[in-house]
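[1] sequence and predicted model, in that order:
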Amino acid sequence: MKFLSKIYSDYLNFIGAWLLALLWIIPLAFAIWTAIHPSEFEANFDLTAPLTTYNFIDAWSQAPFARYLFNTVILVTLILLCQFFFCTLAAFAFARFEFPFKNLLFSLVLLQLLIMPDILLVENYKTMRLLGLVDTILAIGLPYMASGFGIFLLRQTFKTVPRELDDAARIDGAGILRIIWSVYVPLSIPTFVAYGLVSVSHHWNNFLWPLIITNSVETRPLTVGLSIFSMADAGIQWSTINAATIMTSAPLFIGFLIFQKQFVQSFMTAGIK
Amino acid sequence: MNKKLNLIYVTLLLTPGFILLISFTHIPAVKTIIFSFFSTPRGKRPTKFVGLENYDTLINDPVFWKVISNNLWYAFGTIPSSIILSLIMALWVNSKIIGRPFLRFSFFMPTILPLIAVGNIWLFFYTPGFGLIDQIRSFFNLPNLNLLGSEDTALWAVMIVSIWKEAGFFMIFYLAGLQAIPPSLREAAMIEGASNWYIFRKITFPLLMPTTLFISVNAVINSFRLVDHIVIMTEGGPDNASNLLLYYIYEVAFYFWDTAYGSTLTVVLIFLLSLLAIGQFFFLDRKVHYQ
């Protein structure tokens, strides 16, 4: 009897899980369906409908998506490199030194987990205008370059590095930067990878601040480009908009498909610490 | 190493990061509060101190109250449901179910999509006449629905999008939590003849409590921070039915260029987030850990 009820509950779980998973994938599948079929079929499910790449070519030619893609790549690379640099330095100080006001300064770092630059739109806009940086890629990235989250994450990791290792390096006459670079960074690669993936996907997808601070094709990232493209009242076909939507998400998405395990692992690591 | 040298190192290590951190987080936060007591500069009229005038406007602004109540409904509507869903998803993905890779992919996939793309995908999904929902309805000869265009349904429609986007993200943290639970606990309970539901209630769920709280805090922050899909799906409409606080700030400050009032609204947002921090500090920290 117990055995039967186990089979029964396994069966129910199986059905439930698959139903939910299918339900979850429908919106995306529906968008992909329309993107790869001619627009006559956008409200018509005919499995024999001809496939086409026309919508992608159409979208690509109607807006400077190549330029947007370039901007986004520059943006996420710039942010990532600066975050690695600034956060590593600060994290090392918090992990390995004792100094006055250490706790106070660390709470200031943690405060950014709560009050992010995302919500301080008005003042950050004013600062950028003051610096003459409105409508530059640098301005999109600047507020995120010293990330409280990054400092916190790297500090936790650096604390697990055995002190004997840097004593040994110090005896060999290595300076602080040298020790960070040749002892701490190599031993923290998994954290850097995790943080990197989280940061890249966050900034690839970020929208509101870039929308405010940019106003030309030369600086707009993909997300802003996509929103402008799809909100234009020029009567663009849904199939074209869907193609553009899939196109803009594709690079990250393909990366995710290939490195699914690492992605999931990274988000886990980033969350636990 | 001597103390003085240490201090020099610390200063050199911290300065670059702190300059950025302070210039784009702390100073703007403080300036936001100060500026909320001033007027918006317009044309030749410079900004001037107006005391509590902006706050007076705020209290008498029906849109503000509408937006706050929307945001609270939005939080209540999306947070518990996406957390419960994410826990169920994690339990499934962590079990020996057939097709686990597909399940994990399907649940986690919305996390990777830009929220703005998600907005587009769902906008199409909801489109009257064309979208999948209306196509199914027309199959049963039901009339078209304008879910995003109606005051009664717009916020709900947006909430579903948010649950769809967030649940898979939270699932990851539950997965991590589940994998940290020693299997011996479960085995011991099973030898004692405990049912699955009993094991979940008495072992799994309590041990996941820290994860649940971590997720909850994140979920609350996200419910105030993420409004990209509003921009593309409803622009807060119809008649502010789906307007949220941050979107309203954006509208006021960068559509109507009333930056002082925008700052005043931001102060409310900072205040709400600080309440969360204080609550977490005094209340949650003590109840989380089972030692």
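    Structure received.
[2] work out for me the element residue 253 sits within.
    Chain wasn't specified; assuming chain A. Using DSSP states H and E, A:Phe253 sits within helix A:238-258.
[3] my bad, chain B
    Counting by DSSP H and E, B:Ala253 is part of helix B:245-254.
[4] what about that helix, near chain A?
    Yes - looking at helix B:245-254 against chain A by Cβ under 8 Å from any Cβ of the partner chain, the contacts come from B:Leu246, B:Ile249, B:Tyr250, B:Ala253, B:Phe254. Where C-beta positions appear, they are placed from N, C-alpha and C, glycine not excepted.
[5] can I get these in JSON lines including neighbour count and distance to A:Ile140?
    JSON lines is the format used below for these (neighbours: other Cβ atoms under 10 Å in any protein chain shown; distance: Cβ to Cβ, whole Å):
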{"residue": "B:Leu246", "neighbour count": "24", "distance to A:Ile140": "18"}
{"residue": "B:Ile249", "neighbour count": "25", "distance to A:Ile140": "19"}
{"residue": "B:Tyr250", "neighbour count": "23", "distance to A:Ile140": "16"}
{"residue": "B:Ala253", "neighbour count": "22", "distance to A:Ile140": "17"}
{"residue": "B:Phe254", "neighbour count": "17", "distance to A:Ile140": "15"}
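[6] of all the residues you listed, which two lie farthest apart?
    B:Leu246 and B:Phe254 (11.8 Å; Cβ to Cβ).
[7] can stretch A:190-207 be found next to chain B?
    Yes - against chain B, stretch A:190-207 shows contacts by Cβ under 8 Å from any Cβ at A:Ser201, A:Trp204, A:Asn205, A:Phe207.
[8] list the buried ones in that stretch?
    By 16 or more other Cβ atoms under 10 Å in any protein chain shown, the buried positions in stretch A:190-207 come out as A:191-192, A:194-201, A:203-207.
[9] so the spatially most central residue of chain A is in which element?
    A centroid search over chain A (Cα atoms, centre = their mean) returns A:Ser201, at 1.6 Å, as the residue closest to the centre. For A:Ser201, the enclosing helix or strand under DSSP H and E is helix A:189-205.
[10] what does that helix contact?
    With contacts defined as Cβ atoms under 8 Å, 6 or more residues apart in numbering or on different chains, helix A:189-205 is touched by A:72, A:75-76, A:79-80, A:83-84, A:87, A:141, A:144, A:147, A:150, A:153-154, A:157, A:185, A:221-223, A:251-252, A:259, A:262-263, A:265-267, A:269-270, A:273, B:111-116.
[11] among these, which are located in helices?
    Applying DSSP state H to these, the entries found in helices are A:72, A:75-76, A:79-80, A:83-84, A:87, A:141, A:150, A:153-154, A:157, A:185, A:222-223, A:251-252, A:262-263, A:265-267, A:269-270, B:111-112, B:115-116.
[12] quick check: which ranges of the chain have low pLDDT?
    Since you didn't name a chain, this refers to chain A. A:1-4, A:41-48, A:233-235, A:269-273 (pLDDT under 70).
[13] not what I meant, chain B
    By pLDDT under 70, the weakly predicted segments of chain B are B:1, B:281-291.
[14] ok, so of the buried residues of stretch A:190-207, who is nearest A:Trp33?
    A:Asn205 (23.0 Å).
[15] gap between the closest one and B:Ile33?
    30 Å (Cβ to Cβ, to the nearest Å).
[16] A:Tyr144 too?
    Per Cβ to Cβ, A:Tyr144 is found 22 Å from B:Ile33.
[17] and those two? Which one has more around it.
    A:Tyr144 (27 against 16; other Cβ atoms under 10 Å in any protein chain shown).
[18] quick check: B:Asn70 vs B:Asn243, distance?
    6 Å.
[19] sorry, that was for A:Phe253
    With Cβ to Cβ as the criterion, A:Phe253 and B:Asn243 are 30 Å apart.
[20] between the two, which is the more surrounded one?
    Between A:Phe253 and B:Asn243, counted using other Cβ under 10 Å, the more crowded position is B:Asn243 (26 against 17).
[21] who's in contact with the more buried one?
    B:Val63, B:Lys66, B:Val67, B:Asn70, B:Ile230, B:Gly236, B:Gly237, B:Glu251.
[22] who wins on neighbours among these?
    Most surrounded of the contacts of B:Asn243: other Cβ under 10 Å gives B:Ile230, at 28 neighbours.
[23] find the helix or strand that it is a member of.
    helix B:228-233.
[24] how about that helix, does it reach chain A?
    Yes - Helix B:228-233 comes into contact with chain A (Cβ under 8 Å from any Cβ), by way of B:Asp228, B:Val231, B:Ile232.
[25] nice, that's everything, thank you.
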